[in-house]
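J.: Turn this into a model:
(2 chains, ligands or ions: 1)
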Amino acid sequence: MAMMKEVPDERGRYGSFGGRYVPETLIPALDELSVAYEQAKHDPAFHQELDALLKDYVGRPTPLRRADRLSEKLGFDVYLKREDLNHTGAHKINNTMGQILLARRMGKSRIIAETGAGQHGVATATAAALFGLKAQVYMGEEDVKRQALNVYRMQLLGAEVIPVSSGSKTLKDATNEAIRDWVTNVRTTFYVIGSVVGPHPYPMMVRDFQSVIGKEARQQFQNLTGTLPTHIVAPVGGGSNSMGVFYAFRNDPVALIGVEAAGSGIETGKHAATITVGMKGILHGSLSYLLQDDDGQIMPAHSISAGLDYPGVGPEHAYFHDIGRARYDAITDKEALAAFHQLSELEGIIPALESAHAVAWVIKEQDPLREQQARVLINLSGRGDKDIDSVRDYEEGHHD
Amino acid sequence: MINVGTSVAQVFEHTKSEGRAALIPYVTAGHPHLGDLEELVRAMNDAGADIIEIGIPFSDPLADGPVLQKAATKALNNGTKIRDVLQATERLSAHSVPLVYLTYFNPVFHYGVRDFLKAARDSGVKGIIIPDLPWEESDEVFHDTQELGMSLIPLVAPTSTDAHIASLAKATGFVYGVSVTGVTGVRQEVDAGVKTLVERVKRQISLPLAIGFGISTPEHARYVGSVADGVIVGSALVRRIDEAGVDAAKQTYEFVSALRKALSD
Ligand SMILES: Cc1ncc(COP(=O)(O)O)c(C=O)c1O
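T.: Numbering: from 1, shown residues only, chains lettered A, B, ... in the order given. Coordinates of the predicted model:
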């Protein structure tokens, strides 16, 4: 297999995607961040500190293990990379640890973040608390309601949750508000972005911080089986856990599958399947695929999973899609819920609804996968504790 | 005189010859309704505006504060479409001081950069401001505006580097100086950094410089007009229009007249 071209280029481009589409006020801050990140990246002391924190505080490496009962049931090997076992319950903490360390190096005293499901908000609040920094987290009013447990967790951790009432009152609008805050307080504030989105260097930096998932998984899979997986499957909201697990395998003969949220069904228009049906456009600082109407107005996304409920996607995924390096499919709310129950019952693991989308794809595609004698690696991005109320509400209201 | 056909650059030659700064009010097309645009533009014209900024609403205006966000949301909720804004502008521009559009990059990109700029030019618009298209990403748009005889108006912020300011020398029309680190919105006072920003820009380039973001009263306008070549007033006007109801055109006329008087005294 030919080696892939290294992306992004120095202007933050992944092919035609990426870039920096933000107000001029922020451009010098992005330059400053790029320089600080470049220095940190080449500083062994930074890596030592981050690695130690990931090991002793976050609980890495996370395990990788064959899901025996699910494998028996499906008739091929399924392995789970257990990002749900990270401190705070999802992969998001890998990235916030890295960014908070960077914020400290840069001497920034104030931390802001956006959050949808609340997992990134909790992870940011956690990392900020660890270092005695003050965090303010923007969250859409809809998500504040849907994810009450995570709101309370953030508050317990000493963070301030700021409800956002503009637009669709979800992650997209929380992100707008966080950017507005950053434009206003750019000199003192570090903006911790939660996925591989935003203006350069964020998509690259978040990918690098999350690539620990794939690095571990590649080694673990080889140790366990003597070979590589044939398929890697991961859910895609902004795309950080999926890029994190894909990245180490980009030059391997492994199929990479990103699973988006089809919500109530693509045909209903109520979904978050950005790459599956989106068009190129610009939102939150980069050029990528977007859900938008005929006039280029951003369309609200919909998913039972707040973490996938985003009308954009990271530019590197757009690039992987364009060059055919990864495949993107969409799973409905219903299919994800069925998988949520199946994994709980078969493996004793209650997955996050986001992760349940990846499990659902594997169940749905079981016939071709069985035929290929696939060895599938699912990135279990997070645990489902946060989603139990949503699942119960949904099922009480939606009995067939 | 500022006539139909005057370029944005010529406006500043004219106001300079009168020894005053140019007045540049902003309204959101479609707020309260697209049908109001003509009357509002006429009111601004009659009150002595030198250039008029027409905002094309966008769903996610991340450089805007609450007043302009709300105006854009209202405009979109009542069905404002870009093609209708272009048509309305075409009817207006023949009777107006130079018009410039302010919009975000996605609507332009989605329409097709070249097609949109052509349509804007054909509607009589002389320039365009895109707050989320920084100068370093704007090569294509800049090239097309120059070919079409329009201005792509670049922004400078208090955080801008000298290298950024120097790179604006090739721009045409004017430079939009953002008075604060922040988003648009009404403010109590003009930021103390405005004078420094103006001096920094003037030291490096010779383009006219208009200041916006937070300029809310005739007193603000008088002060900013004494240091810069132009004064941009958005949220303060849009808020008045929002509150005025059927009186919007009259209130617009009165407010813009007061601003203009502050610049002419
Ligand atoms: C558990 C979990 N998985 C996946 C996601 C989706 O985000 P991303 O695509 O950036 O991994 C989220 C987002 O909140 C999440 O909490």
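J.: so what's residue A:307 closest to, chain neighbours aside?
T.: residue A:117 (3.6 Å; C-beta to C-beta, 6 or more residues apart in numbering or on different chains). Where you see a C-beta, it was placed from the backbone N, CA and C, and this is true even at glycine.
J.: Pretty sure the one you found sits against residue A:147.
T.: Yes. In this structure residue A:117 lies within contact range of residue A:147 using C-beta atoms under 8 Å: 5.8 Å.
J.: what touches both of those two?
T.: Residues touching both residue A:117 and residue A:147 by C-beta atoms under 8 Å, 6 or more residues apart in numbering or on different chains: A:306, A:386.
J.: and the residue nearest to residue A:307, how many residues sit next to it?
T.: Using other C-beta atoms under 10 Å in any protein chain shown, the number of residues around residue A:117 comes to 29.
J.: so what's it up against?
T.: Contact analysis of residue A:117 by C-beta under 8 Å, 6+ apart lists A:143, A:147, A:150, A:305-307, A:352, A:354, A:386.
J.: Give me the distance between it and residue A:68.
T.: For residue A:117, the distance to residue A:68 (C-beta to C-beta, to the nearest Å) stands at 29 Å.
J.: what's the answer for residue B:14, then?
T.: The gap separating residue B:14 from residue A:68 is 81 Å, by C-beta to C-beta.
J.: residues contacting whichever residue of chain B sits closest to chain A?
T.: Closest to chain A within chain B is residue B:110: 3.0 Å, counting by C-beta to the nearest C-beta. Each residue near residue B:110 by C-beta under 8 Å, 6+ apart is listed here: A:279, A:281, A:292, A:295-296.
J.: okay, it: pLDDT?
T.: pLDDT recorded at residue B:110 is 98.
J.: One more: residue B:4?
T.: If you check residue B:4, the pLDDT there is 69.
J.: same check, this time on residue A:399
T.: 44.
J.: Select the longest helix from chain B.
T.: As assigned by DSSP state H, the longest helix anywhere in chain B is helix B:248-264.
J.: Determine how far that helix lies from the middle of the whole chain.
T.: Centroid displacement of helix B:248-264 relative to its chain, using C-alpha atoms, centre = their mean, to the nearest Å, is 16 Å.
J.: can you check stretch A:18-34 too?
T.: Here stretch A:18-34 shows a centroid-to-chain-centroid distance of 22 Å under the convention C-alpha atoms, centre = their mean.
J.: Using CSV, write out every CA atom in stretch A:69-85.
T.: Taking C-alpha atoms only, stretch A:69-85 is exported to CSV below (Å, rounded to 0.1, in the frame of the first residue of the first chain):
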residue,chain,number,x,y,z
ARG,A,69,-20.1,-13.5,22.9
LEU,A,70,-20.7,-10.8,20.2
SER,A,71,-18.1,-12.6,18.0
GLU,A,72,-19.8,-16.0,18.5
LYS,A,73,-23.1,-14.4,17.7
LEU,A,74,-22.0,-12.7,14.5
GLY,A,75,-19.6,-15.4,13.3
PHE,A,76,-16.5,-13.3,13.0
ASP,A,77,-14.0,-11.7,15.3
VAL,A,78,-14.9,-8.4,17.0
TYR,A,79,-12.5,-6.6,19.2
LEU,A,80,-13.3,-3.6,21.4
LYS,A,81,-10.9,-0.8,22.2
ARG,A,82,-12.1,0.3,25.5
GLU,A,83,-12.0,4.2,25.5
ASP,A,84,-15.0,4.0,27.8
LEU,A,85,-12.6,2.9,30.6
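J.: List the buried residues of that stretch.
T.: Neighbour counts over stretch A:69-85 (16 or more other C-beta atoms under 10 Å in any protein chain shown) mark A:70-71, A:74, A:76-85 as buried.
J.: Please apply the same query to stretch B:144-161.
T.: Neighbour count says stretch B:144-161 has B:144-145, B:150-160 buried, by 16+ other C-beta under 10 Å.
J.: Return only those of these found close to chain A.
T.: Among the buried residues of stretch B:144-161, the ones lying near chain A by C-beta under 8 Å from any C-beta of the partner chain are B:154-160.
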